[in-house]
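In: kindly generate the corresponding structure for this input.
(2 chains)
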Amino acid sequence: MKVEYRVYLGIGIFVLLVTVVYFFWAKEYGGAMMLFGTAGLGILPALYLGWWKRRMEPRPEDVEDATLAENRGPVGAFPDHTIFPFVLGVGAFLTALSLVFGAWTAVIGLSLIVFAATSATLESRRGGAI
Amino acid sequence: MTIAEERSELAHEPEAGGHHGPTGIYKWLTSTDHKVIGKNYMYTSLVFLMIAGAMAMIIRAQLVQPDGHIVSQQMYNELFTIHGSIMLYLFAGPFAFGGFANFILPLQIGAPDMAFPRLNALSYWLYLTGGTTMLMGFFVTGGAAAFGWVSYAPLSSYTNSPGPGPDLWIVAIALTGFSGIFTAVNLVTTAFYLRAPGMTMFRMPIFTWNMVVTGILILIAFPILTAAMVMLYADRHLGTHFFTVAGGGSPVMWQNLFWFFGHPEVYILALPYFGIASEIFPVFAKKPIFGYKGLVFATLAIAGLSTGVWAHHMYTTGTVLLPFFAALSLLIAVPTGIKVFTWIGTLWGGNLQFKVPMLFALGFLVTFTMGGFSGVMLASPPFDFAVHDTYFVVAHFHQVLAGTAIFAGFAGFYYWYPKLTGRMMREGLGKLQFWIAFIAFNMTFIPQYLAGLRGMPRRIPVYLVTDHVTFLNQVSSVGAFLTGFSFLIWLLNLWISWRKPIAAGDNPWDGHTLEWATTSPPPHHNFTSLPPIRSQRPVWDQNHPEYADYNTEHDGTPKKEVETR
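Out: Just a heads-up that it's a prediction; the model follows:
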């Protein structure tokens, strides 16, 4: 986890330095604000990854001479096939179209979103097609 | 070429590995398998490429004559807007980080799937519906958006661009923006949390590294674009004045917001293709990549620097700090130069095999370097003042972006097509396609540099005979038509490979990375077994233990103290 943490931290600190230089040189607050936000997008995930790095042993994927057997057991739960992402996508599409063609498409779209989100959650609780 | 004939039966089986899931259209609609979604992305984006390419043909036909009348001026504006929008939002990015990355990244790190398979499927549907939304603009009153892919204020205001077409464009960008964000979350999480034991970060293939950095850049850049779209929509319909002077807003703020997304976006589009080239050069040079860590740090440096160069697109607004942006823009040439240096170092002294993927990768190297040099020129404010908004800029970004996406994109397609389908494409047709495309592509864009230096502005449907750019435009148009023709050869190659398959076997190129350790196409959840991961090239190590990376120096000579693990 060390490298992952350092990748984010490196980007965050670099952009923070650029922010400071830009702020005092350009004296333009809009750009400085955007750069500051970007530095945050590097530093915040770095803090999360760093927090975990301190609290966990190196994982098999962090160890150079780890053997495949060290990862025995399930890697995770991967759903096989499910219709709900498609329904959710169509719902989002129709909802977004309401910004152009009027609210009626949002009625259908939001209904589909609620249906798909609920069904996908229930599918996960049941185990679904995993 | 090494083709394992004993696996020929797999060329006819869509899904090896004995998994029985849905088939046909139901499989397409319901699959959360990263390989199916990756292929969906790839083929959808290639269809978008064909549509945008057809638009480019019309644009070039219009410019053959000084006073062209192929399309109306309004239609011309719509065509170059949607051509650019498709190429940047719907082809170059999704082809790489939706298509290749989805299919290849989990395989390269030994993962069974992406970290969030359902989110992955949702990303694809948002991308497809977003793309459809953009094209719907041609079928509504007033036509599609006609303000350029950058949508500059105040041209994009409701007064200047009325009708539903521009709104559809805004909605399309928002939908595809969310699709990109979800894909980026998936890519970064997968690479951080689903690697196989022994696959440390500094053993990840360069393609995977580049996709991680691309993912981080997407997460930085895309939310800004989506926010800017919300503000633009609010200005058009809700009475806000973010970008209108009359209400106290600032049109230049749009440019700041757009390019704060737009310049990282350039690298979001380019880095995945750099990754593809970085996979292909070592395999066809029979060497490990030269300067692995240099490449990784160069990629990270490009990512960092790309967030601080947005205003080099805005030199002529007179509102930006020129020395700051010129310095950072010129600095990007350093890590980019390191990349070019490492690619040449990889090829240097290698046992080069000029197969089709290698040819396309070399074509990418040439066109990208050429476009990169003109980028360094444009980073200099005095030069940019002279050629801003001319065809010089058009030629520059087409060589950098279209050259990268097309040449490295096809390199990747030819390289991984055997893994995608279990079939080979025909070498002869591939080479014919490459040479026509390479010559025609440069024939299209090198004259545009000259036209730009003679002062021809971009985005104009007509020009004067006295501008002395007629011949340059004619050469450029012939080049464009030939480039279009080269795609037909690719389609023919694809069709022949579909109708008369040649089995690929698991590892037809003697590839180095983990995707070549599994069957072609890979089984459900990818691997039945993995080789031990002891270097950056586990499959090479397994297939060539006498030259395994952990036993040899970079030049292939045995290490003095052979490690036995």
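
In: most proximal residue of the stretch 1-150 of chain B with respect to chain A?
Out: When scored by Cβ to the nearest Cβ, the stretch 1-150 of chain B has residue B:125 as its residue closest to chain A, at 2.6 Å. Where you see a C-beta, it was placed from the backbone N, CA and C, and this is true even at glycine.

In: for residue B:271, see how far away the residue most central in space within chain A is.
Out: What sits nearest the mean C-alpha location of chain A, by Cα atoms, centre = their mean, is residue A:45, with 10.1 Å. Computed as Cβ to Cβ, to the nearest Å, the residue A:45 to residue B:271 distance reads 18 Å.

In: same check, this time on residue B:432
Out: From residue B:432 to residue B:271 the distance is 30 Å (Cβ to Cβ).

In: looking at the two, which is more packed in?
Out: When neighbours are counted by other Cβ atoms under 10 Å in any protein chain shown, residue B:432 and residue B:271 differ, and residue B:271 comes out ahead with 28 against 17.

In: low pLDDT regions in chain A?
Out: Applying pLDDT under 70 to chain A flags residues A:72-73, A:126-130.

In: now do 80
Out: A:68-80, A:124-130 (pLDDT under 80).

In: please enumerate the helices of it.
Out: Using DSSP state H, the helices assigned to chain A run over residues A:2-26, A:29-55, A:84-101, A:104-126.

In: and those helices as JSON lines, adding distance to residue B:478?
Out: Formatted as JSON lines, the helices of chain A follow (distance: least, Cβ to Cβ, whole Å):
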{"stretch": "helix A:2-26", "distance to residue B:478": "45"}
{"stretch": "helix A:29-55", "distance to residue B:478": "43"}
{"stretch": "helix A:84-101", "distance to residue B:478": "40"}
{"stretch": "helix A:104-126", "distance to residue B:478": "45"}
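
In: who wins for proximity to chain B among those helices?
Out: So among the helices of chain A, helix A:84-101 is nearest, using Cβ to the nearest Cβ, at 2.6 Å.

In: tell me the buried residues in that closest one?
Out: A:84-101 (16 or more other Cβ atoms under 10 Å in any protein chain shown).

In: same for that helix, what does it pack against?
Out: Judged by 3 or more Cβ pairs under 8 Å, 6 or more residues apart in numbering or on different chains; DSSP states H and E, the packing partners of helix A:84-101 are helix A:104-126, helix B:117-136, helix B:164-193.

In: now render these as a markdown table, adding distance to residue B:502.
Out: Below are the helices and strands packed on helix A:84-101 laid out as a markdown table (distance: least, Cβ to Cβ, whole Å):
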| stretch | distance to residue B:502 |
| --- | --- |
| helix A:104-126 | 41 |
| helix B:117-136 | 29 |
| helix B:164-193 | 32 |
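
In: residue B:149: which of the ones you listed is closest?
Out: Across those, residue B:149 has its closest neighbour in helix B:164-193 (9.2 Å, Cβ to Cβ).

In: now do the same contact list for residue B:156.
Out: B:145, B:147, B:166, B:232, B:236, B:243, B:254 (Cβ atoms under 8 Å, 6 or more residues apart in numbering or on different chains).

In: which of those fall within strands?
Out: For the contacts of residue B:156, not one is inside strands, with DSSP state E as the criterion.

In: pull the most distant pair out of those.
Out: Farthest pair in the contacts of residue B:156, by Cβ to Cβ: B:145 and B:243, 15.7 Å.

In: which of the two has more residues huddled nearby?
Out: residue B:145 (28 against 25).

In: can you pull the contacts of the more buried one?
Out: Here residue B:145 is in contact with B:78, B:81-82, B:85, B:137, B:151, B:156, B:161, B:165-166, B:168-169 (Cβ under 8 Å, 6+ apart).

In: name the nearest residue to the residue located most distally from the centre of chain A, ignoring sequence neighbours.
Out: Within chain A, the residue lying farthest from the chain centre (Cα atoms, centre = their mean) is residue A:25, at 33.7 Å. Leaving out its chain neighbours, the residue that sits closest to residue A:25 by Cβ to Cβ, 6 or more residues apart in numbering or on different chains is residue B:324, at 5.9 Å.

In: cool, residue A:43 as well?
Out: residue A:12 (3.6 Å).

In: could you list every residue that touches the one you found?
Out: A:39-44, A:46.

In: what sits against residue 102?
Out: Just going to use chain A. Per Cβ under 8 Å, 6+ apart, neighbours of residue A:102: none.

In: sorry, should have said chain B
Out: B:34-35, B:37-38, B:41, B:114, B:120, B:183.

In: try it again at 6 Å.
Out: B:34, B:37-38, B:41 (Cβ atoms under 6 Å, 6 or more residues apart in numbering or on different chains).

In: quick one: secondary structure of it?
Out: helix (DSSP: H, G, I helix; E, B strand; the rest coil).

In: now it. Nearest residue, chain neighbours left out?
Out: Closest to residue B:102 by Cβ to Cβ, 6+ apart is residue B:38, at 3.4 Å.

In: swap in residue B:415?
Out: Nearest to residue B:415 is residue B:357, by Cβ to Cβ, 6+ apart, at 3.8 Å.

In: ok, now which ones touch the one you found?
Out: Per Cβ under 6 Å, 6+ apart, neighbours of residue B:357: B:280, B:411, B:414-415.

In: got the phi and psi for it?
Out: Main-chain dihedrals, residue B:357, degrees, to the nearest 10: phi -60, psi -40.

In: and residue B:74, what's its pLDDT?
Out: Listed pLDDT for residue B:74 reads 94.

In: show me which residues of chain B are close to chain A?
Out: By Cβ under 6 Å from any Cβ of the partner chain, the residues of chain B that approach chain A are B:21-22, B:29-32, B:112-113, B:117-118, B:121-122, B:125-126, B:129, B:164, B:167-168, B:171, B:175, B:192, B:195, B:197-201, B:220, B:256, B:260, B:304, B:307-308, B:321, B:324, B:530, B:565.

In: alright, I will stop here.
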